[in-house]
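Q: Predicted structure and sequence below. I'll ask about it afterward.
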Amino acid sequence: MSTDTEPVAGLNARSIVIVGGSGTGKSTLARALQEQLLPIQWLHFSVDTILYCLPTSILDRANLQNDWSLIDAHSIRQSAYACLRALLDDERRVIFDCVVMSERGARELLLALETYRPILIELTCSWEETLRRTRARGDRTHEEAEHGFKTAGLHLNADHTFDTTIRNHHELASAVIHACRAQGVHRAWDANLARLRGAS
């Protein structure tokens, strides 16, 4: 398994992890980054990629009624991380997005990608805009969005944090790429791992 990084379109990384609550624009940013990083091809993968393999009736119960009792969220996350590691081991470049709402979730993510050291991007958004986006999408409950809004930014320190409240996704993607290129070395993953181990 190769864990070395190499410059890719000016980014010294093979993986970017985007975290933030529901409605902050993680998937939209990932798709915009994919286009702006061409001709280098980056794959977009997320926990939802695995989650949405489940039957529609179970997904509707979770997303529309906020009833997750039939879903093993831990297993879904671990499956997503296993797929992500397989892609990275195959020398793919991947933008991965997820919601981290607990210390346990942060620990799982950090340890799952410990040897890959992704660039860590955090997205935030005002509650008013998050609620507007949630209503417009129609596939999340108010309660789920509120829980993510209150907890998603508490458990990881990012290399770069961006407020998406009023920024369009093209402008945001350009800002992310510029910030990543300008910083060069990204140490948030190592810092989060050190904090995790210090708290053990």
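A: Right, received. Where do you want to start?
Q: going forward, measure contacts between C-alpha atoms and count neighbours the same way
A: OK.
Q: show me where pLDDT drops low in the chain?
A: Counting by pLDDT under 70, the chain shows low-confidence ranges at 1-12, 199-200.
Q: All the helices of it, residue numbers only.
A: Taking DSSP state H, the helices of the chain run over residues 26-36, 47-51, 56-65, 73-89, 103-112, 127-137, 142-151, 169-183, 188-198.
Q: by contact count, what packs against the last one?
A: For helix 188-198, the contact count by 3 or more CA pairs under 8 Å, 6 or more residues apart in numbering; DSSP states H and E identifies helix 103-112, strand 119-124 as packing neighbours.
Q: Quick check: can you name the pairing partners of the last one and their directions?
A: Looking back up the chat, that one is strand 119-124. Counting by DSSP bridges, the strands paired with strand 119-124 are strand 15-19 (parallel), strand 160-163 (parallel).
Q: Dump these into JSON lines; add distance to Thr49 and mean neighbour count as well.
A: As requested, the strands paired with strand 119-124 are exported to JSON lines (distance: least, CA to CA, whole Å; neighbours: other CA atoms under 10 Å):
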{"stretch": "strand 15-19", "distance to Thr49": "14", "mean neighbour count": "24"}
{"stretch": "strand 160-163", "distance to Thr49": "24", "mean neighbour count": "16"}
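Q: Which one, of those strands, ends up nearest to Leu59?
A: Among the strands paired with strand 119-124, strand 15-19 comes nearest to Leu59, with 21.3 Å by CA to CA.
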